[in-house]
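>>> quick one, what's the 3D model for this:
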Amino acid sequence: MKYKTLIILFSTILYTQSVYAQPSAGRLFQSGLYAEEITGDLEKALNIYERIINEYPDNRIVAAKALLQMGSSYEKLGRKEAKDIYRRLIVEFKDQGDFVREAQQRLERLEPAMSETTPEAREAYILAKHYRNMRGGRRKSLEYFEQAIKIDPNFALAYVGLARWYVFGGSSGMTREEAMLKAEKIANKALEIDNKLGEAHAVLGMKRMYNDWNWNGAENEFKRAIELNKDDVNAHEQYALLLASMGRMDESIKEMKKALSIDPVNRWANLSLGRMYFYNRDFDLAIEQYRKTIELTPDRSVPHLFLGLAFEQKGMYEEAMKSMRKYLTILRDTTLSDILGKTFINSGYRDVKRKWAESWEPCTEGGGVQAGSIALIYASIDEKDKTIEWLQKGYKKRTRNMLFIGVDPQFDSIRSDERFIKIMKNMGLAK
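Residues are numbered from 1 along each chain as shown. Here you go, the predicted structure:
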């Protein structure tokens, strides 16, 4: 049955059906459709569809239809969440065949390269991206990317997804260097299949930036990625981070805003824009942006940490403590949160930072905490020798946050130290 026929049927039978099932689900859907199609109030429509999905998950037909219309509304707003919504429908509502097929067709239109593979490989790829966006879904994401490639060894997009998986973490028993080399190999395989796949160049750019510290090589890859796909939010965001690490802050902020113009609610781009303001010493703008990010992703911990650091730069230590304890609470580290809270009351903010650093030092051995993060804490309380000690460890391990030592205001007190200057020169970041 065609989708247009379905929508006509829905408009005539939903009220009747809702009398016997869940009356308000049908009426809500009608009001959402009215807001979307008649008044053009897409935000209102989205809120209504979201309410249906949350309140009436057992009404499978209406919930699936609400998801489909959510995707439609996002498309009309030009927002990339449409793809995530269609993937969710395909994964969670397999019993709703007509709506699943319509979602698949729309997804193929939004990701044309996906239509060139088999239905089985496409389904595995959709599942991989679905789980990639879920907390605790990394292992399943890996399994489905590998499954998609096994089904279709020429599925270029699946290789890109797998390469990104290795860039952003690798797997247990694998060093960071090994994971990055594997990502590079897989991305190059994707380009062998399709040499115009911008997303593969973005992966190579991340490898050049995070692992090789090859700034010019990374910039060339990101530029090529954007040239091939100007709507790749990840490429714009990562390029902006590269520009920031090189001290080109105006360009970085401009590039990050390009990412957000494509996907205004992208959580990573919103968070990264706050970081750009922070590195540019615009702490009020950083606070505003971090608060916006927290509104978008209240269950994520990192925005609270960054918000606390911005408060710290303004000397707003009570606010900084609240944000940092919220960060630890979301991570379920209530013990450290309580210790830091008592330390703040008894001996002040400086001792809070020292105790935090000391508690995190053992965690760097297993890779849970980056050495550069310890250096940042010691730098914030002007303990130069400890800062240099941990920066040298970060340099040796090439931890990701080392990229921003040239612009991070937390290192301002140590910039004239010859040991710091040497690290900057060795990284190729010294002016």
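
>>> from here on, just use CA atoms for contacts and neighbour counts.
Will do.

>>> what about this protein, any weak spots by pLDDT?
1-23, 113-115, 170, 172, 365-369, 431 (pLDDT under 70).

>>> run the last query once more with 50
Applying pLDDT under 50 to the chain flags residues 1-2, 4-6, 8-9, 11-23.

>>> name the residue closest to the centre of it, please.
W268 (3.8 Å; CA atoms, centre = their mean).

>>> contacting residues around that residue?
Residues in contact with W268 (CA atoms under 8 Å, 6 or more residues apart in numbering) are E237.

>>> just the element for it, please.
In the assignment (DSSP states H and E), W268 maps to helix 267-279.

>>> which residues sit against stretch 270-283?
The contact list for stretch 270-283 (CA under 8 Å, 6+ apart) reads 237, 241, 244, 249, 252-253, 256-257, 260, 264, 285-290, 292-293, 303, 306, 310-311, 313-314, 407-409.

>>> for that stretch, buried residues please.
270-281, 283 (16 or more other CA atoms under 10 Å).

>>> of all those, which two lie farthest apart?
The span of the buried residues of stretch 270-283, defined through CA to CA, is set by N270 and R281 at 17.1 Å.

>>> how much space separates R415 from T387?
Distance, R415 to T387, by CA to CA, to the nearest Å: 11 Å.

>>> who has more neighbours out of the two?
Taking neighbours as other CA atoms under 10 Å, R415 and T387 compare with T387 leading, 24 against 14.

>>> now the closest residue to the more buried one other than its chain neighbours: which helix or strand?
Closest residue to T387 apart from its sequence neighbours, by CA to CA, 6 or more residues apart in numbering: A375 at 4.5 Å. Following DSSP H and E, one finds A375 within helix 371-380.

>>> may I have that helix as CSV, with CA atoms only?
C-alpha atoms of helix 371-380 as CSV (Å, rounded to 0.1, in the frame of the first residue of the first chain):
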residue,chain,number,x,y,z
ALA,A,371,47.1,13.0,30.8
GLY,A,372,46.4,16.4,29.3
SER,A,373,43.3,16.7,31.6
ILE,A,374,45.5,16.3,34.7
ALA,A,375,47.9,19.0,33.3
LEU,A,376,44.9,21.3,32.9
ILE,A,377,43.9,20.9,36.5
TYR,A,378,47.4,21.6,37.8
ALA,A,379,47.8,24.6,35.4
SER,A,380,44.6,26.1,36.8
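
>>> contact partners for L142?
Contacts for L142 (CA under 8 Å, 6+ apart) come out as A128, L162, W165.

>>> give me the number of residues near the first one?
Right, A128. Counted with other CA under 10 Å, A128 comes out at 27.

>>> so it touches Q147, yeah?
No - using CA atoms under 8 Å, A128 is not in contact with Q147, being 9.1 Å away.

>>> filter the contacts of L142 down to the ones in helices?
Counted as lying in helices by DSSP state H, out of the contacts of L142, are A128, L162, W165.

>>> which single one of those residues is nearest to G205?
Once CA to CA is applied, the member of the ones in helices among the contacts of L142 that ends up nearest G205 is W165, at 14.4 Å.

>>> just the element for the nearest residue to the closest one once chain neighbours are set aside, please.
For W165, ignoring the flanking residues on the chain, the nearest one in space by CA to CA, 6+ apart is L142 at 7.1 Å. L142 belongs to helix 138-151 when assigned by DSSP H and E.

>>> how far away is R398 from N280?
Note on R398: its distance to N280, by CA to CA, is 23 Å.

>>> kindly report the same for A121.
To N280, A121 is 44 Å away according to CA to CA.

>>> same question for K140.
Counting by CA to CA, the gap from K140 to N280 is 38 Å.
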